[in-house]
Every structure is written in C-alpha cells, then in structure tokens.
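*Asks:* let's see this in three dimensions:
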Amino acid sequence: MTVKKLKSLNASRSAVYVLLGLIWAFMLLLNLMTPYVADDFAYMISFKTQGWIEKVWDVFPSMAAHAGSMNGRIVSHGLGQLFMLWPKAVFDLVNAAAFAGLAFLIYRLSIPKSDRGENALVLTAVFCALWLFVPVFGQVALWQMGSVNYLWALLFGLLFLRPYIRRFQAGTETAAPLWRKLLFCVLALPFGMYTEVTSFICLLLAVLLLLLGRLLKKQSLKTWLLAPIALAAAGYALLLVMPAELRAKSGDLSLASLAGHISVCTAMLRAHGLWLLAAWAAAEALGLCRRLDPGKLALSALLAFGAVAANYMLAAASYYPERCFCTTAALLILALAVLIPELLRGGAAEICACAGAILAVTAALSLVTGTYDVWATHAAWSDREAAIAQAREQGQTEISLPPISPATAYSACWGLADLESDSYAWPNNYMSAYYGVRLKGIAPEQNK
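*Replies:* Numbers count the residues shown, from 1 in each chain. Next up is the predicted model:
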C-alpha cells in the first residue's frame, strides 16, 4: 500500500468508525470478563430496607436513605442500583459504549467536523492515552459501581462541555433545534448532582469558556447556554446540601491538615500526571513558538487548568483514592488532543509521529499484560464461584476462600475490598448474602 493510500485511509470516516467499533468490542470483552466486585454487592441491597433491590421503584427510597447515610451522589449511585436489576451483560454492553463514546468525544472535540477531515491515528492516540494514563483503569472503566461514578461522569461532563467548546471554536453561536436545547437544560440539573469533582470542574470550565470567548473572540454573553449553567449549578448545590455531604464537610479542616492534603494531591499529580503534563507543556510551548491558532492554544490551556484544578480540589476531601485522578487525566488528554491538528498543520508532523509511535508501542505492551490480567482475574473468580457452588451442594454453611490477587491495576479487583478473615466484615456480609453461603477469607498460603 502506497503512502498516498495510507493517508487516504487515515482520513477516511469509515476507518474512524471501524476503529471505534473495535474499541467498543475490546472494552466489551474486558467488561464481560469482569465480575461483580466489592461495592457492587452492597448496591444490590436497599439502603432503606436492607432487602434486595427487586424493582425500579425500590431505588428511590434506597437513594433517599443513601443521601442521609453515605453521600449525595444519588444520581450516579441510583443509576448503579438500577443496572443491578438487570443481567450484568446489559451493563457490560452499555459500559463498553460509554468508554468508546468518551474516546470518540475527545477525538471529535479535538477535530471538529468543521475541519472537514478525519484522522484515525488521532483516535488511536486518544484510546492509547486513556489506557495508559487513567490510573487504576479497572476501577474506573470496568468495575460496575466505579464506572458509573467515574467513567460515566467523564462522558457526561464532556457532553455538557461540548456546546461551550463548539461555540468557542466556531466563534459564533451554534445552531441547535429547540428540542435539543430543552433536553440539554433538563439534563443539566442531574449532571450537576452527578459527582463532586467532575460536575464542578465542567461547570467551571463552561463559565470560563463563555468568558474567554467574550475576551478573545468578542462573543456575546447573551446566549441560551447560560440556562444549563444555572441548572447545573442548582444541581451541584443540591448535591452539597444532602445530609451525608453536610455531615462529611462539617469536620474541622485546619491549615496543617490542608497542607498535608495538598501534599497528597501534588504527589498524585507527580505519580500519574507528570508525563501528560510535561507533554502538554511541550506541545503548548511548540504551538506558541510556531504562532499557531491562538484560540486553540487558549482552549488547550484552559482545559489543562481545569485538569490541575480537578486534582487540587481533592485537597478538601478526607482522602484521595487514585480513581479520582481520572478527571485530571481525561482533561489533560483532551488538552493535548486539541493541539494535535494545529501541530500537524504547523509543520510539527514529524514530532507528532515520533511521540505517537512511542505511545502506541507502550500501549501495545500494556494492552497485552492488562488484558491477560483481566482474564486471569476472571478465571480466579470463576474458580471461586465453582467452589462456592460445590459447598452449597454439599450442604456447607461456611466456606473459607483465598482473596483474589490481581497483578495489575487493569483488573477491577485491584485495590478494592475482598474477602477478609473476619467472616462478618462488610465485604463478606454482602458477598455471603449474594452467594447464599457464609464466606470467609484466608491467606493464599493457608489454602495450599
């Protein structure tokens, strides 16, 4: 195949959609191999009655009780409980589509249709970056309750930002039918309630994009897009005033503890975002040196600011699990992706090709090890379920099993609660209720 034909294939819309289908199929395979893990078992049970969630109506009183005892994320956790009503394969299909949708949305925001061109290699680079730089990937993109809270929050967040980014890129108000505007306004309220970090950062970026458009492109601030911002802000306020949220925020946050939390945030940025941040800074500096489109450079810088702000928002939290870094990672990837078309047009194609090759090779190696670990975890969990089934058939009321020990963070079991030696610990209680036999964890060496 000639270089000309390769370029034509890369610019083909069909190639982009085929690649998108492959991403969905790959993520579906990983999802199908991922079992229920940790909190998944807990969310099968109503927070109100402590009985099984059996119908859609059961979710509402459960989330009302959840808002008083756990946290204010009743929209995301309500969705999580809703999917527990159906076979897990239903969630697997939807979750694979959510990941593919996130990758495509980042790609489409970096290469809008107005540019009159496609670039399958950019979509490939976006997928590779998400695979490599989203920490504890299994918790964010495969674990059922984790995906609903984090992966879906990213998808909904970028969908919320999309009209603001498009308006800024186009320089004028983008046309949209009335029904779409009304739907966007209706959905803005539950999005504001979705999660503490992603909802706030996307809301902040939407406001800053309107202000930046006014400053750089003289865009009017009289726009229908103010209504979704107001509704999302109202939703976020509702999230914060939930009883469990108020109780969690009522603790005294001293300057000493705040400094410690900021140190933790800095360590997290260094551990999981250093390469992304350095790559973005280099790309932004190269774009400035080559006098590329000021609007694209400003948009990229704003997204990078949002990424860093999302990281340091966690300084106000009581703890910072690695999965919460996914918002920072996704926004940095988008900030980089926005610059790629400009760098390709600005004579930096060789640099982009070199960086892309390194990214692709690294991701390919990681794909092999990560996929194998997801399969190995699936096999270990299947062995566990076979042992539980055998114990039930033999009339046993209690069985001791070793915990699942994944090798990489691509497995959803990595870093999450599993069977403990205390048979009445919370993970054991929920898993015992699900499998119908009392489960107890033992050290792997005790099982030999």
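*Asks:* so what's residue 260 up against?
*Replies:* For residue 260, the set of contacting residues under the criterion of Cβ atoms under 8 Å, 6 or more residues apart in numbering is empty. In this view, the C-beta of every residue, glycine as well, is placed from N, C-alpha and C.
*Asks:* in the strand or helix carrying it, what's buried?
*Replies:* Per DSSP states H and E: residue 260 is located in helix 255-272. Judged by neighbour count (16 or more other Cβ atoms under 10 Å), helix 255-272 contains these buried residues: 261, 265, 268, 269, 272.
*Asks:* dump these to CSV, plus pLDDT and distance to residue 401.
*Replies:* Putting the buried residues of helix 255-272 into CSV (pLDDT from 0 to 100; distance: Cβ to Cβ, whole Å) gives the following:
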residue, pLDDT, distance to residue 401
261, 86, 37
265, 95, 37
268, 95, 33
269, 95, 38
272, 95, 32
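*Asks:* relative to residue 285, which of those residues is nearest.
*Replies:* Proximity of those to residue 285 (Cβ to Cβ) peaks at residue 269, which lies at 19.1 Å.
*Asks:* what separation is there between the closest residue to the closest one other than its chain neighbours and residue 326?
*Replies:* Here the nearest residue to residue 269 in space, its sequence neighbours aside, is residue 311; by Cβ to Cβ, 6 or more residues apart in numbering that works out to 5.1 Å. Distance of residue 311 to residue 326, computed by Cβ to Cβ, to the nearest Å: 11 Å.
*Asks:* what's the answer for residue 48, then?
*Replies:* For residue 48, the distance to residue 326 under the criterion Cβ to Cβ works out to 30 Å.
*Asks:* over to residue 49?
*Replies:* With distances taken as Cβ to Cβ, residue 49 is found 33 Å from residue 326.
*Asks:* kindly report the same for residue 436.
*Replies:* Computed with Cβ to Cβ, the distance linking residue 436 and residue 326 is 35 Å.
*Asks:* neighbour count for these two, which is higher?
*Replies:* The neighbour count for residue 436 versus residue 326, taken as other Cβ atoms under 10 Å, is higher for residue 326 (28 against 11).
*Asks:* that one and residue 154 touch, don't they?
*Replies:* Yes - at 6.4 Å, residue 326 counts as touching residue 154 under the criterion of Cβ atoms under 8 Å.
*Asks:* what's the lowest-mean-pLDDT helix or strand in the chain packed up against?
*Replies:* In the chain, the helix or strand scored least confidently by mean pLDDT, DSSP states H and E is helix 3-10, which has a mean of 76. The criterion is 3 or more Cβ pairs under 8 Å, 6 or more residues apart in numbering; DSSP states H and E, and the helices and strands that helix 3-10 contacts are helix 120-133.
*Asks:* nearest spatial neighbour of residue 33, chain-adjacent residues omitted?
*Replies:* Leaving out its chain neighbours, the residue that sits closest to residue 33 by Cβ to Cβ, 6+ apart is residue 378, at 4.0 Å.
*Asks:* after the helix or strand containing that neighbour, next one along is what?
*Replies:* With secondary structure defined by DSSP H and E, residue 378 is part of helix 349-393. Past helix 349-393, further along toward the C-terminus, the next helix or strand under DSSP H and E is strand 398-401.
*Asks:* in stretch 367-380, what's buried?
*Replies:* 367, 370, 371, 373, 374, 376, 377, 378, 380.
*Asks:* and the second one, how far is that from residue 94?
*Replies:* To tie it back to what came earlier, the one meant is residue 370. Counting by Cβ to Cβ, the separation of residue 370 from residue 94 is 21 Å.
*Asks:* same question for the third one.
*Replies:* For residue 371, the distance to residue 94 (Cβ to Cβ) stands at 21 Å.
*Asks:* in the chain, what spans have low per-residue confidence?
*Replies:* Under the criterion of pLDDT under 70, the regions of the chain flagged as low confidence span 1, 3, 113-116, 249-253, 443-448.
*Asks:* would you map the strands across the stretch 151-300 of the chain?
*Replies:* For the stretch 151-300 of the chain, applying DSSP state E, counting those that start in this stretch gives no strands.
*Asks:* all helices of it, in order?
*Replies:* Assignment of helices within the stretch 151-300 of the chain using DSSP state H, counting those that start in this stretch yields the ranges 152-170, 178-192, 196-217, 226-240, 243-249, 255-272, 274-289, 294-313.
*Asks:* make JSON lines out of those helices and add distance to residue 130.
*Replies:* Compiled in JSON lines, these are given as follows (distance: least, Cβ to Cβ, whole Å):
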{"stretch": "helix 152-170", "distance to residue 130": "9"}
{"stretch": "helix 178-192", "distance to residue 130": "21"}
{"stretch": "helix 196-217", "distance to residue 130": "15"}
{"stretch": "helix 226-240", "distance to residue 130": "25"}
{"stretch": "helix 243-249", "distance to residue 130": "29"}
{"stretch": "helix 255-272", "distance to residue 130": "13"}
{"stretch": "helix 274-289", "distance to residue 130": "11"}
{"stretch": "helix 294-313", "distance to residue 130": "14"}
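*Asks:* quick one: closest of the ones you listed to residue 430.
*Replies:* helix 243-249 (19.4 Å).
*Asks:* and the contacts of the closest one?
*Replies:* Under the criterion Cβ under 8 Å, 6+ apart, residues 66, 67, 68, 69, 70, 71, 72, 239, 240, 318 lie in contact with helix 243-249.
*Asks:* my read is that the fourth one contacts residue 46, right?
*Replies:* Right, the one you point to is residue 69. No - using Cβ under 8 Å as the test, residue 69 is too far from residue 46 to be in contact (11.9 Å).
*Asks:* higher neighbour count, the two?
*Replies:* Between residue 69 and residue 46, residue 46 has the larger neighbour count (other Cβ under 10 Å), namely 20 against 11.
*Asks:* so who does the more buried one touch?
*Replies:* When the contact criterion is Cβ under 8 Å, 6+ apart, the partners of residue 46 are 52, 53, 58, 61, 62, 65.
*Asks:* same check on residue 271?
*Replies:* For residue 271, the contact set (Cβ under 8 Å, 6+ apart) comprises residue 135.
*Asks:* next one: it from residue 319, what distance?
*Replies:* With Cβ to Cβ as the criterion, residue 271 and residue 319 are 15 Å apart.
*Asks:* ditto for residue 391
*Replies:* Taking Cβ to Cβ, one finds residue 391 at 36 Å from residue 319.
*Asks:* residue 410 too?
*Replies:* With distances taken as Cβ to Cβ, residue 410 is found 23 Å from residue 319.
*Asks:* ok, back up a step: tell me how far the least confident helix or strand of the chain is from the chain's mean position?
*Replies:* A distance of 33 Å separates the C-alpha centroid of helix 3-10 from that of its chain, computed with Cα atoms, centre = their mean, to the nearest Å.
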